[in-house]
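Participant: what's the 3D shape of this:
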Amino acid sequence: MSCIGGRVLGGSAIMVRHWWIAGALAAATVAGGSTAQADCKFQKIAEVPVTMDGLRPLVTAVVNGHEATFVVSTGAFFSSVSPEAAERFGMKKSTAPFGLEVTGLGGVSRDARAVMADSFTFANAGFKNIQFLVGGWGGGGSTAGGLGQNIMGPFDVEYDFAHGVMRFFKSAGCGGSDLAYWASGMTVSQLSLDSPGAYMREVLATAHVNGRAIKVKFTSGAGVSYLDKLAAERAGIQVNAPSVSSAGVIQGAYGKGIETFVAPF
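Facilitator: Numbering: from 1, shown residues only. This is a model prediction of the structure:
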């Protein structure tokens, strides 16, 4: 699996958890000449400020009355908190789905543990009894955890980190429409995402490196883009080649280190 960071406008995901209905702020219809565009209703339901800490996008939420900072993590299927944050916020133990394991960098796996927030406020909307996975969070610093696709996946989400904002939308009848309202006549690129099912769990697509097809994940929680060794080998790169240099060891969420390299493509 390879990972890429960047700005993503999600596909027409089906809303399966109606968390954000109460947070509706504005409505707009995508203009255009085609029938598909004329029938498209594209409603903005929330706008959230984002602060960049280096290459990490951070947002603020309130958990059980405590203000907390979370990393926006489009590559995470579920939101998480560190054990220290769960204790500090007085979050109650909850039950994770039976048999669920969480795998960290380097392939280390742990049985999933879960906690419950009695109250959770985000994007100007408040909710009760919201579940988080706990443990294995490697955000570091004052970061409490990561917000994953159980929050973002049911919506079309625009990640405009360059301008310090992410926006949540709900669309209807927009299957053939150009939703890049911000392009203002510019040429834009579109990438077909793998079918997400009921809602987006991972932002996955197909890309090509040195002419070889690879599967990529768009994950805003990763500061840099990277290839795994097997994908690099398929693209003709060997880690012992003269053009490849060591980039040191990075630590995963569960403490296992993995050696990294820098290579030209």
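Participant: does Leu227 touch Arg212 like I think?
Facilitator: No. In terms of C-beta atoms under 8 Å, Leu227 does not count as a neighbour of Arg212; the distance is 10.4 Å. Every C-beta, even on glycine, is put in place using the N, C-alpha and C of the backbone.
Participant: please, which helix or strand holds Glu87?
Facilitator: Assigning secondary structure by DSSP states H and E places Glu87 in helix 83-88.
Participant: for Val71, that is, sorry about that
Facilitator: Using DSSP H and E, Val71 falls in strand 66-72.
Participant: partners of that strand, with directions?
Facilitator: Take DSSP bridges as the rule and strand 66-72 pairs in its sheet with strand 56-63 (antiparallel), strand 143-147 (parallel).
Participant: burial count for Leu133?
Facilitator: Counted by other C-beta atoms under 10 Å, the residues lying close to Leu133 total 25.
Participant: look up how far Ala85 lies from it.
Facilitator: Taking C-beta to C-beta, to the nearest Å as the measure, Leu133 falls 12 Å from Ala85.
Participant: CA atoms of stretch 208-215 as CSV?
Facilitator: Taking C-alpha atoms only, stretch 208-215 is exported to CSV below (Å, rounded to 0.1, in the frame of the first residue of the first chain):
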residue,chain,number,x,y,z
HIS,A,208,1.0,4.7,-11.4
VAL,A,209,4.7,4.9,-10.5
ASN,A,210,7.2,4.3,-13.3
GLY,A,211,4.3,2.9,-15.3
ARG,A,212,3.3,0.4,-12.7
ALA,A,213,-0.2,0.4,-11.3
ILE,A,214,-0.3,0.7,-7.5
LYS,A,215,-3.1,1.1,-4.9
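Participant: please identify the buried residues of it?
Facilitator: 209, 214 (16 or more other C-beta atoms under 10 Å).
Participant: tell me the mean pLDDT for it?
Facilitator: What stretch 208-215 shows for mean pLDDT is 91.
Participant: what's the span of stretch 83-96, first residue to last?
Facilitator: 15 Å (C-alpha to C-alpha, to the nearest Å).
Participant: any idea whether Thr206 is helix, strand or coil?
Facilitator: strand (DSSP: H, G, I helix; E, B strand; the rest coil).
Participant: check contacts around it.
Facilitator: 194, 213-216 (C-beta atoms under 8 Å, 6 or more residues apart in numbering).
Participant: swap the cut-off to 6 Å and go again
Facilitator: Applying C-beta atoms under 6 Å, 6 or more residues apart in numbering, we find Thr206 in contact with Ala213.
Participant: bridging residues for it?
Facilitator: With DSSP bridges as the rule, Thr206 is bridged to Lys215.
Participant: center of this structure - which residue?
Facilitator: The residue lying closest to the centre of the chain (C-alpha atoms, centre = their mean) is Thr74, at 0.6 Å.
Participant: burial of the nearest residue to it once chain neighbours are set aside, as a residue count?
Facilitator: Closest residue in space to Thr74, ignoring its immediate chain neighbours: Ser220 at 4.5 Å, by C-beta to C-beta, 6 or more residues apart in numbering. The tally of other residues near Ser220 (other C-beta under 10 Å) stands at 27.
Participant: please, which helix or strand holds Ser220?
Facilitator: Secondary structure assignment for Ser220, by DSSP H and E: no helix or strand.
Participant: ok, it touching Gly75?
Facilitator: No. If you go by C-beta atoms under 6 Å, Ser220 and Gly75 don't touch, sitting 7.2 Å apart.
Participant: using the three-state scheme, assign Val224.
Facilitator: Following three-state DSSP, Val224 is assigned to coil.
Participant: which parts of the stretch 101-250 of the chain are strands?
Facilitator: 101-103, 109-111, 113-122, 125-134, 143-147, 156-160, 165-172, 204-209, 212-218, 245-251 (DSSP state E, counting those that start in this stretch).
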